[in-house]
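[1] Generate coordinates for the sequence data below:
(12 chains)
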Number of protein chains: 12
Amino acid sequence: MPGTYKFTELVGTSPVSFAEAVKAAVAEAAKTVRHMDWFEVVSERGRIVDGKVQEFQVVLKIGFKLERTP
Amino acid sequence: MPGTYKFTELVGTSPVSFAEAVKAAVAEAAKTVRHMDWFEVVSERGRIVDGKVQEFQVVLKIGFKLERTP
Amino acid sequence: MPGTYKFTELVGTSPVSFAEAVKAAVAEAAKTVRHMDWFEVVSERGRIVDGKVQEFQVVLKIGFKLERTP
Amino acid sequence: MPGTYKFTELVGTSPVSFAEAVKAAVAEAAKTVRHMDWFEVVSERGRIVDGKVQEFQVVLKIGFKLERTP
Amino acid sequence: MPGTYKFTELVGTSPVSFAEAVKAAVAEAAKTVRHMDWFEVVSERGRIVDGKVQEFQVVLKIGFKLERTP
Amino acid sequence: MPGTYKFTELVGTSPVSFAEAVKAAVAEAAKTVRHMDWFEVVSERGRIVDGKVQEFQVVLKIGFKLERTP
Amino acid sequence: MPGTYKFTELVGTSPVSFAEAVKAAVAEAAKTVRHMDWFEVVSERGRIVDGKVQEFQVVLKIGFKLERTP
Amino acid sequence: MPGTYKFTELVGTSPVSFAEAVKAAVAEAAKTVRHMDWFEVVSERGRIVDGKVQEFQVVLKIGFKLERTP
Amino acid sequence: MPGTYKFTELVGTSPVSFAEAVKAAVAEAAKTVRHMDWFEVVSERGRIVDGKVQEFQVVLKIGFKLERTP
Amino acid sequence: MPGTYKFTELVGTSPVSFAEAVKAAVAEAAKTVRHMDWFEVVSERGRIVDGKVQEFQVVLKIGFKLERTP
Amino acid sequence: MPGTYKFTELVGTSPVSFAEAVKAAVAEAAKTVRHMDWFEVVSERGRIVDGKVQEFQVVLKIGFKLERTP
Amino acid sequence: MPGTYKFTELVGTSPVSFAEAVKAAVAEAAKTVRHMDWFEVVSERGRIVDGKVQEFQVVLKIGFKLERTP
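    Next comes the predicted model:
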């Protein structure tokens, strides 16, 4: 992977699972970031309401290639 | 979130997924702990039997608000 | 668990979820390793293609019992 | 320090400083726990409202001596 | 907290205390970032001049909600 | 290990060795906790008096099964 | 270093060495970021092709001063 | 120590102490691995039965020299 | 910062705050160490007496320049 | 990267630099391992003789694809 | 523990156990350091010769009180 | 390696590479410390001036044998 890559760190959320929380964050990032290549999970958390898991939260770093400006 | 919060550390188990293991621990905790607000995943493990994953295990810390005794 | 155990460190992959990535690695390991007892998740990553999560990757250590050679 | 000690993990909060957040947690714990000896800071966080720090939060573990029941 | 959140990592400085260094970073960030929700302390350092602490420095990550572009 | 497990974190002490400090903590915990299954060492410390090790201290987490209340 | 600083996290690559990978990332960042002051290495990796190291990769955080907008 | 070394990661067990658990793992490894030079403790755990420590477990990495095949 | 620097690791104490504990350690070190440049906080702890925080303790590393002996 | 990958952990050595120590380990591994894809640096050490660095040592994990046995 | 404390980091060795390795380091330090109060284990390692553990090594930090020079 | 060893923690600097920064620190330490045996890299950093890497900095711990005073 020649070139230089940059990380952006996000928190994705989902009422269903950790995998869906990752997908939600990547989908949101795709609106403004191009050339995303990989993600790394930093930590996993969630919210509890009325004694039940209401939301899964995943902190993740997304790596994407910097486009060289000629 | 004014006030003081306490952590309890549990291990949830599920034959299906890490998310289900979290839900199982929270459901069990809900029997005795009130005011649970969030959880944080500490580590993920599992058991293998006859060459197949039999059980997903998630160590998690659950944060809940201490009720002030007036 | 008397006896001596050994770890092998693998990366499982799945287009579906982290749990499936774990299962894939364990299934692959089962072809050559016997007496597998448990796994521990080391880290979770994944690949992004065209702005979508294409693959979940889980680095895991699998513990198995060493068979004593008499 | 002969004897056996136990940890309880809390989150203290304060609008003023990290030190005050620690004090708040210890004061709250003192209502139910005796023989507290020391604390260890696990992490420091806080809440932001309208672009300003509204609350300092300190996760801390408090060590206290177990009373032997004769 | 449904939605997607993003982290920005800053270093705040203050001649007075760690809490003031956090406040300084948040105040500076507030000039360009909206919807900030929480911060997490990464590390604490400082500068010494002529045998005295001249400056407290706090590395912190600030989490803020991404505004969905409809 | 189906079911939900809980951790309690203790500090055991012994003038002899780290292993004895672990045993002391487990023996003390056994007075009030049932169904203890395993322990994990968190850190090892000790006290020095008059230039000699007077006490070994082991911080450990003990995992035990929660009894379901039907 | 009075003022507020910000981190950007990059991955530099080089076929030669870790030091050259750092230089490549800093040179690329210099095209858009001003007032860069220091870097911190987060991790070091690389790619292997046909049994030989083809590329050194360094994940690094670069600190730069935020310009106050008057 | 010129040359290339390899790690193998094991779990040794002993009813007596952590040191004996290390010795047991090294003795077992010696049956199949030559040129072992050093070990590093990764973590220490154990099993509790009927309120007593039944087994000390040490996860350790053993370093040994690879024999060059001429 | 050309040249070579050395670290000394201290524990400062204060009944008031973490910042004051840092200052106390730096002031004490200034009696014997010259050319101190920066400090890094390693951990924060404290002592509790009669249910109240009696002392804040900060473990910190102080970096200072080695004077070349010509 | 569909499929399952495995890690092997090595220590490479070189009298010249960390990069050369990595290359030495990869070259040695290439004699017996096929399909190596990437490496990750775990830690860096070295040996000192007569007040000079005699050897750079790099602990690294090498990832390679497992060949499916049909 | 009012006052300022300093750490010295040592490696103790013993052919017998980790506890004895700690004792050996403390005994050696006692020849030149006064007012030692506590130690903290940083890591545990050892040497293997002819397939047997020849030496246990413990890296530890020793804390001692700085004597105020009036 | 029977006997007791001590660590000293330094920061070496070099305009060229991380390896040279290590060498610089070891060379400086050799002026006052005897019996140095090994070093361990703690972290790697550097300084940026005018958009270019001006200096590589390596924090390292150097282990040396304590000479027994008979």
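
[2] In CSV, could you pull the C-alpha coordinates for stretch A:11-23?
    What follows is stretch A:11-23, C-alpha atoms only, in CSV (Å, rounded to 0.1, in the frame of the first residue of the first chain):
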residue,chain,number,x,y,z
VAL,A,11,-18.3,5.9,17.3
GLY,A,12,-20.9,3.9,15.5
THR,A,13,-24.2,3.0,17.2
SER,A,14,-26.8,0.2,16.6
PRO,A,15,-29.7,-1.3,18.6
VAL,A,16,-28.8,-4.7,17.1
SER,A,17,-25.1,-5.7,17.4
PHE,A,18,-21.5,-4.6,17.4
ALA,A,19,-21.1,-5.5,13.7
GLU,A,20,-24.1,-3.3,12.8
ALA,A,21,-22.6,-0.4,14.8
VAL,A,22,-19.5,-0.7,12.7
LYS,A,23,-21.5,-0.7,9.5
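
[3] Go through it and flag the buried ones.
    A:11, A:12, A:13, A:14, A:17, A:18, A:19, A:20, A:21, A:22, A:23 (16 or more other CB atoms under 10 Å in any protein chain shown). Yep, even glycine has a C-beta here, placed from its N, CA and C like the rest.

[4] now stretch A:58-68
    Here stretch A:58-68 shows A:58, A:59, A:60, A:61, A:62, A:63, A:64, A:65, A:66 as buried, counting by 16+ other CB under 10 Å.

[5] Is any residue of it near chain D?
    No - using CB under 8 Å from any CB of the partner chain, stretch A:58-68 never reaches chain D; the gap is at least 13.0 Å.

[6] That stretch and chain B in contact?
    No - applying CB under 8 Å from any CB, one finds stretch A:58-68 separated from chain B by no less than 9.4 Å.

[7] Which residue would be the closest one in chain A to chain B?
    Nearest residue of chain A to chain B (CB to the nearest CB) works out as residue A:51 at 3.3 Å.

[8] which parts of chain A sit against chain C?
    For chain A, the residues in contact with chain C (CB under 8 Å from any CB) are A:17-19, A:22-23, A:26-27, A:29-30, A:36-41, A:62.

[9] list the contacts for residue A:32?
    By CB atoms under 8 Å, 6 or more residues apart in numbering or on different chains, the contact list for residue A:32 is empty.

[10] Please give the three-state secondary structure assignment for it.
    coil (DSSP: H, G, I helix; E, B strand; the rest coil).

[11] tell me the pLDDT at it?
    For residue A:32, the model assigns a pLDDT of 95.

[12] Same check on residue A:62?
    Residue A:62 is assigned 98 on the pLDDT scale.

[13] does residue A:26 count as helix, strand or coil?
    Residue A:26 ends up helix, using three-state DSSP.

[14] what sits against it?
    With CB under 8 Å, 6+ apart, residue A:26 has these contacts: A:12, A:36, A:39, A:62, C:48, C:51, C:52, C:53.

[15] try 10 Å this time
    Residue A:26 sits next to A:10, A:12, A:33, A:36, A:39, A:60, A:62, C:46, C:48, C:51-54, E:4 when contact means CB atoms under 10 Å, 6 or more residues apart in numbering or on different chains.

[16] Which members of those residues are classed as buried?
    By 16+ other CB under 10 Å, the contacts of residue A:26 give A:10, A:12, A:33, A:36, A:39, A:60, A:62, C:46, C:48, C:53, E:4 as buried.

[17] Could you give the backbone dihedrals for residue A:4?
    The phi/psi pair for residue A:4 (degrees, to the nearest 10) reads phi -120, psi 140.

[18] Tell me how far the residue lying closest to it once chain neighbours are set aside lies from chain D.
    Leaving aside its chain neighbours, residue A:4 sits nearest to residue G:28 (4.0 Å; criterion: CB to CB, 6 or more residues apart in numbering or on different chains). Per CB to the nearest CB, to the nearest Å, residue G:28 is found 32 Å from chain D.

[19] doesn't residue A:3 make contact with residue G:28?
    Yes - contact criterion CB atoms under 10 Å: residue G:28 and residue A:3 qualify, at 8.1 Å.

[20] so the helix or strand containing residue A:44 versus strand B:36-49, what angle?
    Counting by DSSP states H and E, the element that carries residue A:44 is strand A:36-49. Angle of strand A:36-49 versus strand B:36-49, following axes from the mean of the first three to the mean of the last three CA atoms, to 10 degrees, is 120 degrees.

[21] can you list the weak-confidence ranges in chain A?
    For chain A, residues meeting the criterion pLDDT under 70 lie at A:68-70.

[22] Apply 80 and report the result again.
    Low-confidence segments of chain A, defined by pLDDT under 80: A:1, A:68-70.

[23] give the contact list for the one residue in it that gets nearest to chain L.
    Per CB to the nearest CB, residue A:4 is where chain A lies closest to chain L, at 13.8 Å. Contacts for residue A:4 (CB under 10 Å, 6+ apart) come out as A:65-68, G:10-13, G:21, G:24-29, G:31.
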